[in-house]
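Q: sequence unavailable; structure follows:
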């Protein structure tokens, strides 16, 4: 099925293209309808997109009162969110494996923050704050056809606030439970004919309180960051530049052999440049170059028996050694995208994406390894009639040591009218193995052995692990029937999705030294229904609700522990007066985590705004109350108090 469909979809795209001739047209034919950018890399009406998509806008972010970006995705139907500890969140559409966020592509202004070295998204190491975000688009379904390997279950596209939309100065401070202490200052202005924004922030909290046995949990985080964005518009060309840097420290629990604290210091940095050019009113090109890097310093002293190492002749019952899990990761991305309106009924987007990933680590790789990836993507949107629209897309990708793969997507829309449509979607996607899975040369080298007793001062742990270069990409085949309705007269949007997904060749084994055995031996089948409603009758009220029901079947429990059978969210916000806002948010998921827990929490936010001359002072109270007695995701993630509270003050000028 996979090969047959992959081969036949290419001629279909060529046929669609060949029956049209170029005509002038507008990129946004119905600008009064909700527009999204992410699913097909096109500006499309919600009634035409070849995927289920959810939007979290600035109003929802403000009303939620959240301080952690990953927690926003509890508002998205079918999305699982959990904290492995106080600084390590996991976000995954339809759950599956809880250990790492391995199957979601996450973009910030088009720049991928997916780390190929360990195939994960480290939310704590993203150099932006939640206040920097203008809008988030979440593609709920396989998106390799547009964004290449690793957009396996979906795409999260975070769009930051444009510098021209921000107050001249914005400063805030927050204090609260778990010794939370956040500070942020943002400045925006004009420069050299364009607009810039600069953000500096500091964040700290102590994470979870205790383990299940009652002992203290060590999972605090301290982060300092700076980021900036510059935008300038010339006659027909737009220029965008952004860069950021983050340094931070996280604490971790001691293991049986740890003598000193196994804390980690991490530096993250990125640079992004983008040029967009309107060659004509029907032809648009974009070139974007991104560089990102991370340096992790994770060092500690361990106490181990000599016979676990190559120093079995050492007569001491235990030796002390200095160990590390240091690593340095960087990636380069070059993306070229060409968008063309052929006539009133056909629009295409096509392009090339080049990526190089490199990681260095003595412990994990015994040196430096790298990987190059080449991708060609395309999507055609063809309006067959007023009632029928078809999207045909695909991605051809080649990665060193993995080979070539083709991932197709085909979507049909039946339009009841311009505001209501049914969609029928078939898509395939891949997740390529990460460098650790294919190229690991994992062993620990202990330096400064003491006592040496006249022997060597370097010890090598006898236990080691090797990657599997014969691994194949994970595969997903997804089928979806959906409905989207935009009821303009009621200011209401409603989306429904019925799905059936088959995930194959999954790599589900634990990524740990004692059980390291990456193989393609797992499968997962999921089916269910999800829906969301967004209702805003006037400027005072905001109502957003979501629900998902998922049934799953797998040959391993690992792929089902992060998928709740039932999950829901409700956000209700009311602007009592121009200066007073009250919002209430409810989250529910069951069962989720290794202990099959439920997650039930209610958040309350009260905001009061005071005008002082030309400035604005905002006072906010936020609380989060857990209704259940369960831990979060893992059994050692426990808050001693069900109620967590925060107060913040923000000055805008």
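A: Structure's in. What do you need? Quick caveat: nothing in here was measured; it's all calculated off a predicted structure.

Q: can you give me the strands in the stretch 551-653 of the chain?
A: Assigned by DSSP state E, counting those that start in this stretch, the strands in the stretch 551-653 of the chain fall at 566-577, 580-592, 597-612, 615-626, 643-652.

Q: right, and those - which one's nearest residue 231?
A: Ranking these by proximity to residue 231 (Cβ to Cβ) places strand 643-652 first, at 20.4 Å. C-beta coordinates here come from the backbone N, C-alpha and C atoms, glycine included.

Q: need the residues that contact the closest one.
A: Strand 643-652 has contacts (Cβ atoms under 8 Å, 6 or more residues apart in numbering) with 65, 67, 167, 169-178, 180, 182, 615-625.

Q: let's verify the residue most central in space within the chain: helix, strand, or coil?
A: What sits nearest the mean C-alpha location of the chain, by Cα atoms, centre = their mean, is residue 106, with 3.6 Å. Of the three states, residue 106 takes strand under DSSP: H, G, I helix; E, B strand; the rest coil.

Q: which residues does it bridge with?
A: residue 156 (DSSP bridges).

Q: give me every residue that touches it.
A: Residue 106 neighbours (Cβ under 8 Å, 6+ apart): 112, 113, 114, 121, 155, 156, 158.

Q: touching, the fifth one and residue 108? I think so.
A: So the one you mean is residue 155. No - contact status for residue 155 versus residue 108: not in contact, 11.8 Å apart, counting by Cβ atoms under 8 Å.

Q: mind listing the strands for the stretch 151-300 of the chain?
A: According to DSSP E, counting those that start in this stretch, the strands that the stretch 151-300 of the chain contains are 154-160, 169-176, 180-191, 194-205, 221-233, 237-250, 264-280, 283-304.

Q: confirm residue 102 sits in a helix?
A: No - counting by three-state DSSP, residue 102 is not found in a helix; it is coil.

Q: so how far is residue 341 from it?
A: 37 Å (Cβ to Cβ, to the nearest Å).

Q: residue 638 too?
A: Counting by Cβ to Cβ, the gap from residue 638 to residue 341 is 56 Å.

Q: between strand 104-108 and the helix or strand harbouring residue 428, find me the angle.
A: Element membership for residue 428, per DSSP states H and E: strand 420-431. Counting by axes from the mean of the first three to the mean of the last three Cα atoms, to 10 degrees, strand 420-431 points 100 degrees away from the direction of strand 104-108.

Q: quick one: strands adjacent to strand 420-431?
A: Each strand paired with strand 420-431, and its direction, by DSSP bridges: strand 403-417 (antiparallel), strand 474-487 (antiparallel).

Q: of the ones you listed, which approaches residue 196 most closely?
A: strand 474-487 (35.2 Å).

Q: check which element follows that closest one along the chain.
A: strand 492-506.

Q: packing partners of that following strand?
A: strand 52-57, strand 474-487, strand 522-535 (3 or more Cβ pairs under 8 Å, 6 or more residues apart in numbering; DSSP states H and E).

Q: make TSV out of those and add mean neighbour count.
A: Formatted as TSV, the helices and strands packed on strand 492-506 follow (neighbours: other Cβ atoms under 10 Å):
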stretch	mean neighbour count
strand 52-57	22
strand 474-487	20
strand 522-535	20
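
Q: can I get the ones you listed in JSON lines with distance to residue 246 and mean pLDDT?
A: Listed next are the helices and strands packed on strand 492-506 as JSON lines, based on distance: least, Cβ to Cβ, whole Å; pLDDT from 0 to 100:
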{"stretch": "strand 52-57", "distance to residue 246": "22", "mean pLDDT": "96"}
{"stretch": "strand 474-487", "distance to residue 246": "30", "mean pLDDT": "97"}
{"stretch": "strand 522-535", "distance to residue 246": "32", "mean pLDDT": "98"}
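
Q: and those: which comes nearest residue 434?
A: The nearest among the helices and strands packed on strand 492-506, by Cβ to Cβ, is strand 474-487 at 11.0 Å.

Q: quick one, what contacts residue 221?
A: Applying Cβ under 8 Å, 6+ apart, we find residue 221 in contact with 86, 87, 124, 203, 204, 205, 207, 248, 249, 250, 251.

Q: err, residue 388, not the other one
A: Contacts of residue 388 were listed using Cβ under 8 Å, 6+ apart, and they are 412, 413, 414, 415.

Q: these two touch, right, the third one and residue 390?
A: Same thing as residue 414. No - if you go by Cβ under 8 Å, residue 414 and residue 390 don't touch, sitting 10.6 Å apart.

Q: neighbour count winner among the two?
A: Set side by side, residue 414 and residue 390 show more neighbours around residue 390, with 17 against 13, by other Cβ atoms under 10 Å.

Q: that one belongs to a strand?
A: Yes - judged by three-state DSSP, residue 390 forms part of a strand.

Q: tell me which element the residue sitting furthest away from the middle of the chain falls in.
A: In the chain, the greatest distance from the average C-alpha position (Cα atoms, centre = their mean) is reached by residue 454, at 51.5 Å. With secondary structure defined by DSSP H and E, residue 454 is part of neither a helix nor a strand.

Q: pLDDT wise, what is residue 547 at?
A: You'll see residue 547 listed with a pLDDT of 98.

Q: for it, what are its contacts?
A: Here residue 547 is in contact with 77, 530, 531, 532, 566, 567, 568 (Cβ under 8 Å, 6+ apart).

Q: ok, these vs residue 514, which is closest?
A: Closest approach between the contacts of residue 547 and residue 514, by Cβ to Cβ: residue 567, at 32.9 Å.

Q: show me what residue 459 is bridged to.
A: With DSSP bridges as the criterion, residue 459 is bridged to residue 446.

Q: now it: how far from residue 320?
A: Note on residue 459: its distance to residue 320, by Cβ to Cβ, is 10 Å.

Q: which of these two has more residues huddled nearby?
A: Shown here are residue 459 and residue 320; by other Cβ under 10 Å, residue 459 has more neighbours (27 against 17).

Q: ok, then the element right after the strand holding residue 428?
A: For strand 420-431, the following helix or strand on the C-terminal side (DSSP H and E) is helix 435-439.

Q: I'd like the average pLDDT over that following helix.
A: Helix 435-439 shows a mean pLDDT of 92.

Q: and the contacts of it?
A: 116-119, 357, 359, 364-365, 369, 371, 401-402, 442, 467-469, 471, 507, 511, 518.

Q: can I get the buried part of those as one ChimeraX selection?
A: Filtering these down to the buried ones (16 or more other Cβ atoms under 10 Å) takes a single ChimeraX command:
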select :116,117,118,119,357,359,364,365,369,371,401,402,442,467,468,471,507,511,518
